[in-house]
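> need coordinates for the following:
(chains A and B)
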Amino acid sequence: MTGPDALSLPDSPAALATALETTGYLADEGLATAGYLALKLDRPLFLEGDAGVGKTSFAQALATATGARFVRLQCYEGLDASQALYDWDFSRQLLHLRTVEATAGATQLDPDVLEASLYDRRFLLARPLLQALEGGPCILLVDEIDRADDEFEAFLLEVLSEAAITVPELGRVVAETPPIAILTSNRTREVHDALKRRCLYHWIEHPAFAREVAILRRRLPDVTERLAADVARATGRMRQLDLLKPPGVAESIDWAGALHALGAREFDPELAAMTLGAVLKYREDADRVRDLTLEALVGHG
Amino acid sequence: MADTGITDGGNGAHRDVTEVLLGFARTLRHAGVAASPERVQTMLAAAETLSVTDPTAMYWAGRLTLCAEPDDIPTYDAAFSAYFGGTSLNARPAARTQPQRIAMPFGVETPTGGDGQRLEHAQASTVEVLRHRELVALSAAERDEVRRLLALLGPAAAPRKSRRHRPARRGDVDPARTVRRMLHHGGEPARLARRARRTRPRRLVLLVDVSGSMAPYADALVRFAHAAVRRRPSSTEAFTIGTRLTRITRPLRHRDPDAALRACGKAIPDWSGGTRLGEALKAFLDRWGQRGVARRTIVVLFSDGWERGDPALLAGQMERLSRLAHRVVWVNPHKGKAGYAPLAGGMAAALPHVDDFVTGHSFAALEELVEVIARA
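Next up, the predicted model:
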């Protein structure tokens, strides 16, 4: 698991935006500045925004653009050290023990040596946080931090501020280059101030019409310009409708992809009604949009 | 300091820029964004990294470092354009500026007979009588006593099973610890280690109606919320609803109830205003509830159900809430009155989606509520 030794760091937010664009991610000025400052100041970046605005894909794009490794840690309730930091490979340790016993035969084994050989680096399973510290520069995505419990936040804070993990049996693992951490949250609970204070904070908005068309065209090169514009206009209006779950960019990409797969070259109300499930995930929302008639959504007025 | 490209000047220019930025941070703090010294330090570093002569870069340098939540952003935008002169740099309009500051009525003065006279009657068990008295009908001295009692309440939800385990005598086999134990014995099978689920406090969400019709109870109910937040600061959320939704969890974290209530009073713009339960509830579910704050929680709504908006909207939102929450408790102070029937438009619409319908008109009733919450 060896990555490049150094990141290719852009020298301005605009340069980062250009680099991100080559990977297919179109970042606006605020997000590009946020990413640039995170790289430059070595600060974790705390991203919030509605579901589907591209928080996770931003981290992936940033890794590609800077040539860093990408390590993702998905948080969930009950996430603990053995799943986030490291774990010992017990079965391999046992096998090793048996093998040593079998080959040693009658000769006396030194228990200390034996024990030391059991707690060797090769028996240590690196989980995401340890992976991020070992082996070259890396973008560490800590996804949906709000889902983990506060105990986890405490040790994440320690790992991020020291860029090191202590394994009692083995010693301290220190990162040569501290990972660039990107934390995302859906605000299901408030993240501790101690953690937030260390981070840069950015709220990602839904993209404006022109940017969304550009994103669609970039992600789905086969989709016609006309269809992309219609889909962007329709999802843009849906976001104003006060729905239970307003569609994000991820949904508009799915929708445009679905329409294209059915052979649409421009917005077709009938096909749109059939594929509405790609963009709206609640029955109530779908009913409301159908009532409005889909033509009203793309109408140029 | 490295070259920031401010001007061709030397140290003097640097100091000027730093002073300007510090002044801006001060303005922002006055406007209500908690720009801590550490954040301000980061802002200075960020401003140095970017070009300070470019107002847009300046805008982002400040916003990325000084803001900590979406609510801060409109305030930041307003403060930025005010401080750096009229130009709005972000497309996002400063929709919501400072919360309006309105003096709030702490409790109500309802002199029902002189204090001395009343105390004579109830010498033996003042507290007992007080516990069952209508919260509206208290004299000033009694109100102080009830406030003291309220601060002693500790409403807390029953724990739920978490996904974490702890070592236990009986339960499922814990593979990691068992194998570790085997290693200690040179690989020989040892006694099985077992584990059980840990418990975690279930989240409690309190929604307090502070509209005009609830005004006589609002003080006591916000104090009740304070007691709950103090008991379990990390797993309790409190909001007020009226014409709009206000999150009061943060101000309620003050240790002192009076200080907490003063802080709330500053935060709540619609104290004693009208009621738009449906809309406020929708705002809660959209911004907080559906994302997770209401999931698997106990939601307690304090309201008389007097709805000025459309009851159908309220019914729809209550249905949504009941699908998300573990249990929905509705506290209506009027329920304790003789001859009360839940006929008010909003109340009738909401009732089918409520798990527990309780009264909250006296201290004793609030004590019962504590039990309902603990049992739920």
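> same for the longest strand along chain B, what does it pack against?
In chain B, assigned by DSSP state E, the strand with the most residues is strand B:159-168. Using 3 or more C-beta pairs under 8 Å, 6 or more residues apart in numbering or on different chains; DSSP states H and E as the contact test, the elements touching strand B:159-168 are strand B:194-201. C-beta: built from backbone N, CA, C; applies to glycine.
> let's go with 10 Å and repeat that
Secondary-structure packing of strand B:159-168 (3 or more C-beta pairs under 10 Å, 6 or more residues apart in numbering or on different chains; DSSP states H and E): helix B:175-184, strand B:194-201.
> okay, those in JSON lines with mean neighbour count, mean pLDDT and distance to chain A next?
Below are the helices and strands packed on strand B:159-168 laid out as JSON lines (neighbours: other C-beta atoms under 10 Å in any protein chain shown; pLDDT from 0 to 100; distance: least, C-beta to the nearest C-beta, whole Å):
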{"stretch": "helix B:175-184", "mean neighbour count": "16", "mean pLDDT": "82", "distance to chain A": "4"}
{"stretch": "strand B:194-201", "mean neighbour count": "16", "mean pLDDT": "86", "distance to chain A": "7"}
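> okay, those in JSON lines with distance to B:Val370 next?
As requested, the helices and strands packed on strand B:159-168 are exported to JSON lines (distance: least, C-beta to C-beta, whole Å):
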{"stretch": "helix B:175-184", "distance to B:Val370": "39"}
{"stretch": "strand B:194-201", "distance to B:Val370": "15"}
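> work out the sheet partners of the helix or strand A:Trp203 falls within and label each with its direction, please.
Using DSSP states H and E, A:Trp203 sits in strand A:200-204. Its sheet considered, strand A:200-204 pairs with strand A:45-49 (parallel) by DSSP bridges.
> so what does A:Ala175 look like in phi/psi?
Backbone torsions of A:Ala175, given as degrees, to the nearest 10, read phi -80, psi 140.
> where's it relative to B:Arg230, distance?
Separation of A:Ala175 from B:Arg230 (C-beta to C-beta, to the nearest Å) stands at 40 Å.
> swap in B:Arg198?
As judged by C-beta to C-beta, B:Arg198 and B:Arg230 stand 24 Å apart.
> now do the contacts for A:Asp143.
Contacts for A:Asp143 were tallied using C-beta atoms under 10 Å, 6 or more residues apart in numbering or on different chains; they are A:47, A:55-56, A:59, A:72-76, A:182-186.
> again, only using 8 Å
For A:Asp143, the contacting residues are A:Thr56, A:Arg72, A:Leu73, A:Gln74, A:Cys75, A:Thr184, taking C-beta atoms under 8 Å, 6 or more residues apart in numbering or on different chains as the criterion.
> list phi and psi for it.
Torsion angles, degrees, to the nearest 10, at A:Asp143: phi -90, psi 130.
> and what of B:Gly187?
phi 90, psi 0.
> the domain parsing of the chain - what is it?
This is for chain A. Annotated domains of chain A cover A:13-84+A:127-204, A:90-123, A:209-289 [automatic domain parsing].
> I was after chain B.
B:11-83, B:163-200, B:204-375.
> can you say which of the ones you listed is nearest to A:Arg92?
Judged by C-beta to C-beta, the one of the domains of chain B that comes nearest to A:Arg92 is domain B:163-200, at 10.7 Å.
> before we move on, the earlier item: now intersect the contacts of A:Asp143 with the strands, please.
Reading strands off those with DSSP E, I get A:Arg72, A:Leu73, A:Gln74, A:Thr184.
> SS state for A:Gln93?
helix (DSSP: H, G, I helix; E, B strand; the rest coil).
> and it, what does it touch?
A:Leu118, A:Phe123, B:Val179, B:Leu183.
> out of the contacts of A:Asp143, which are buried?
Buried residues within the contacts of A:Asp143, counting neighbours by 16 or more other C-beta atoms under 10 Å in any protein chain shown: A:Thr56, A:Arg72, A:Leu73, A:Cys75, A:Thr184.
> so can I have TSV of the residues you listed showing pLDDT?
TSV is the format used below for these (pLDDT from 0 to 100):
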residue	pLDDT
A:Thr56	91
A:Arg72	95
A:Leu73	95
A:Cys75	92
A:Thr184	94
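> tell me the one of these nearest chain B?
Proximity to chain B was ranked across the buried ones among the contacts of A:Asp143 by C-beta to the nearest C-beta; first place goes to A:Cys75, at 11.7 Å.
> the closest residue to the closest one other than its chain neighbours and A:Glu77: what is the separation?
Spatial nearest neighbour of A:Cys75, chain neighbours left out: A:Ala148 (3.8 Å); criterion: C-beta to C-beta, 6 or more residues apart in numbering or on different chains. For A:Ala148, the distance to A:Glu77 equals 7 Å [C-beta to C-beta].
> cool, A:Ile182 as well?
Per C-beta to C-beta, A:Ile182 is found 21 Å from A:Glu77.
> where does the chain dip in pLDDT?
All of this is about chain A. Within chain A, the segments meeting pLDDT under 70 span A:1-6, A:105-107, A:294-295, A:299-301.
> let me rephrase: I mean chain B.
Applying pLDDT under 70 to chain B flags the ranges B:1-15, B:52, B:86-133, B:136.
> how about the strands in it?
Ranges of strands within chain B are B:159-168, B:172-173, B:194-201, B:204-209, B:236-241, B:245-247, B:298-302, B:327-331, B:356-358, based on DSSP E.
> over to the stretch 151-300 of chain A?
Along the stretch 151-300 of chain A, the segments classed as strands by DSSP state E, counting those that start in this stretch run A:164-167, A:171-174, A:180-185, A:200-204.
> can you tell which of those is closest to B:Val299?
B:Val299 lies closest, by C-beta to C-beta, to one member of the strands of the stretch 151-300 of chain A: strand A:180-185, at 21.8 Å.
> any residue of that closest one touching chain B?
No: under the criterion of C-beta under 8 Å from any C-beta of the partner chain, chain B is not reached by strand A:180-185; the shortest gap measures 9.5 Å.
> what does that strand contact?
With C-beta under 8 Å, 6+ apart as the test, strand A:180-185 has contacts from A:38-39, A:42, A:44-48, A:55-56, A:58-59, A:62, A:68, A:132, A:137-146, A:160, A:191, A:195, A:199.
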